[in-house]
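Participant: Okay, here's the prediction I keep looking at, along with the sequence it came from:
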Amino acid sequence: AQLVAKVFVAQKAYIRFASECTKVPMNSPLFGDTIKPMADALNAVTEFREKNRSAVKEKEMLSTVSEGIPALGWVTVEPKPAPYVAEMKDACQFYANRAIKEFKETNPKVVEWARSFVTLLEDLRKYVMQFHTTGVAWNAKGIDPATYNFAAAASTSGPSAAGAPPPPPPPPPAPPAAPAAPPAPAPPAPGAPAVAAPSPAGGMANVFAELNKGDAITSGLKKVDKSEMTHKNPELRASGTVPSSVSSTGKGPQKPPKPSSFQKKPPKTELDGKKWKIENHENNNMILIDQTEINQIINVFNVKSSVIQIKGKVNAVSLANCTKVSILLDSTVSSLEISNSPSFTVQVLGKVPTILIDGTDGGQVYLSKESLDVEIVTAKSSSINISLPVPGEEEGIFEEKAVPEQLKTVVKDGKLVTTVVEHSG
């Protein structure tokens, strides 16, 4: 919970920084320096999850947090950060539902925590959609970001003057058993009502209370006169980064530059500590990972129309936000996770205990004889086929089985009973 709280504290400081400064381009060195505290805090949460993979009892709760906390990386997404938050929320929902199912009868506090954590991310999505629709809202008339003093800003941050209307009360705190931050309402945008003098001593409620400072954040900024507003004075735009609505030749509006988030990123295949990062490859059929160890994790992200071969036994393999990717895999200690990766193909040569498939349309898994006792969990997925080796046939002969998609639920003795619909004929 403390690690998650640090992420929100870092985000609070970054939003305050944006409210007082002009925009920092994402390709500038200053951007990396200002975003580093938040990135480090996010990495700490992920590393905590990886170090505790053996914690069977807390597995679903740790996975819920590690899959959902990257939603706070929305500050690096343009021009539509809210859908990114929604995507991360959906990813953690898969594990939250498993935690709810596992502890529904034995530990109601875990059920309450899982639901509240998902609600927290949904509130964050609404906040981003309303106040940061196309990206972080910077102050066009703010100070030079290079002169901003983060230490001074942190020391002066606190509740605003008494007498101001209070913010909405936060929901009940999360149970102590859960390894994540307590739920809290999404932070308001700069300019919202100021916070009353009393505030919680710590925790997420205090973080959002700080974000809810309102006028206290921008009190040092001068009021912009109508004559200085670019949207009312097109001639002022000629000297800024915003293109003029009418060019000097009298032609129509100019096409704005392509957002940095749409620009193609360079491919990456590197080992960072105990994590292999395979990212941004396209039409590459020669991606080979052969220097592997049993404690390493393979993360494949944003890869398209490529083939990846992983030799040796690794801890886990994760495939996320990829399209038409084929993986040839030896063995894993824990699991193979596939999320939001349509038209994937995976062939297991050794043994994989668990395969998790979430939010994926179209996929093929070829199992080896050693992996016939695998546990396959699917959610919000369709057209998933599992190919099994045919007994008595030579190697390479498979029989394809479809994962059921149609379920039937009936009420029996006051309970819901769900079965797979079987078609005959």
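Facilitator: The structure has been received and is ready for your questions. Numbering: from 1, shown residues only.
Participant: CA only for contacts and neighbour counts going forward, please
Facilitator: Will do.
Participant: For burial, what's the neighbour tally of residue 301?
Facilitator: Neighbourhood size, residue 301 [other C-alpha atoms under 10 Å]: 19.
Participant: From what I see, it and residue 282 are in contact.
Facilitator: No - taking contacts as C-alpha atoms under 8 Å, residue 301 lies outside contact range of residue 282: 11.2 Å.
Participant: Pretty sure residue 356 sits in a strand.
Facilitator: Yes - judged by DSSP: H, G, I helix; E, B strand; the rest coil, residue 356 forms part of a strand.
Participant: so how far is residue 342 from it?
Facilitator: 14 Å (C-alpha to C-alpha, to the nearest Å).
Participant: Check residue 320 too.
Facilitator: According to C-alpha to C-alpha, residue 320 stands 10 Å off from residue 342.
Participant: Then residue 288?
Facilitator: On the measure of C-alpha to C-alpha, residue 288 and residue 342 end up 22 Å apart.
Participant: between these two, who's got more neighbours?
Facilitator: residue 342 (22 against 13).
Participant: And the more buried one, how far from residue 310?
Facilitator: If you go by C-alpha to C-alpha, the gap between residue 342 and residue 310 works out to 20 Å.
Participant: Roughly how far does the nearest residue to residue 395 once chain neighbours are set aside sit from residue 337?
Facilitator: In space, and not counting its chain neighbours, residue 395 is closest to residue 389: 7.5 Å by C-alpha to C-alpha, 6 or more residues apart in numbering. Distance of residue 389 to residue 337, given as C-alpha to C-alpha: 22 Å.
Participant: Isn't residue 266 up against residue 282?
Facilitator: No - the pair residue 266 / residue 282 is not scored as a contact, 9.9 Å apart, by C-alpha under 8 Å.
Participant: Compare those two (neighbour count), which wins?
Facilitator: Ranked by neighbour count (other C-alpha under 10 Å), residue 266 and residue 282 place residue 282 first, with 18 against 9.
Participant: shaky segments in the chain?
Facilitator: Residue ranges of the chain with pLDDT under 70: 56, 153-263, 423-425.
Participant: That one: helices as residue ranges?
Facilitator: Along the chain, counting by DSSP state H, helices occupy 2-20, 29-51, 59-68, 81-103, 108-131, 150-156, 204-211, 215-218.
Participant: Distance from the second one to the middle of the chain?
Facilitator: A distance of 13 Å separates the centroid of the chain from that of helix 29-51, by C-alpha atoms, centre = their mean, to the nearest Å.
Participant: Contacts made by that helix with the rest, please.
Facilitator: For helix 29-51, contacts defined as C-alpha atoms under 8 Å, 6 or more residues apart in numbering pick out 3-4, 6-7, 10-11, 14, 24-26, 62-63, 66, 69-70, 73, 146.
Participant: what angle separates that helix from helix 2-20?
Facilitator: Put simply, helix 29-51 runs at 160 degrees to helix 2-20, going by axes from the mean of the first three to the mean of the last three C-alpha atoms, to 10 degrees.
Participant: Number the residues from 30 up from this point.
Facilitator: Sounds good: first residue 30 from here, last item helix 58-80.
Participant: Would you mark the buried spots in helix 58-80?
Facilitator: Applying a neighbour-count criterion of 16 or more other C-alpha atoms under 10 Å, the buried positions in helix 58-80 are 60, 63-64, 66-68, 70-75, 78-79.
Participant: go on, the first one?
Facilitator: For helix 31-49, the buried set under the neighbour-count rule, 16+ other C-alpha under 10 Å, comprises 32-49.
Participant: now the angle between helix 88-97 and it, please.
Facilitator: Going by the same axes, to 10 degrees, helix 31-49 makes 20 degrees with helix 88-97.
Participant: send the alpha carbons of helix 31-49 over as CSV?
Facilitator: Provided in CSV are the C-alpha atoms of helix 31-49 (Å, rounded to 0.1, in the frame of the first residue of the first chain):
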residue,chain,number,x,y,z
GLN,A,31,2.9,2.4,0.8
LEU,A,32,4.4,1.8,-2.7
VAL,A,33,1.1,2.5,-4.4
ALA,A,34,0.6,5.7,-2.3
LYS,A,35,4.1,6.9,-3.4
VAL,A,36,2.9,6.6,-7.1
PHE,A,37,-0.1,8.9,-6.3
VAL,A,38,2.0,11.3,-4.4
ALA,A,39,4.4,11.5,-7.3
GLN,A,40,1.5,12.1,-9.7
LYS,A,41,0.2,14.9,-7.5
ALA,A,42,3.5,16.6,-7.6
TYR,A,43,3.6,16.3,-11.4
ILE,A,44,0.1,17.7,-12.0
ARG,A,45,1.0,20.6,-9.7
PHE,A,46,4.1,21.1,-11.8
ALA,A,47,2.1,21.1,-15.0
SER,A,48,-0.5,23.6,-13.6
GLU,A,49,2.3,26.2,-13.0
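Participant: rewinding a little: tabulate the buried residues of helix 58-80 in TSV, adding columns for distance to residue 140.
Facilitator: As requested, the buried residues of helix 58-80 are arranged in TSV below (distance: C-alpha to C-alpha, whole Å):
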residue	distance to residue 140
60	39
63	36
64	33
66	31
67	28
68	29
70	26
71	24
72	26
73	25
74	21
75	22
78	20
79	23
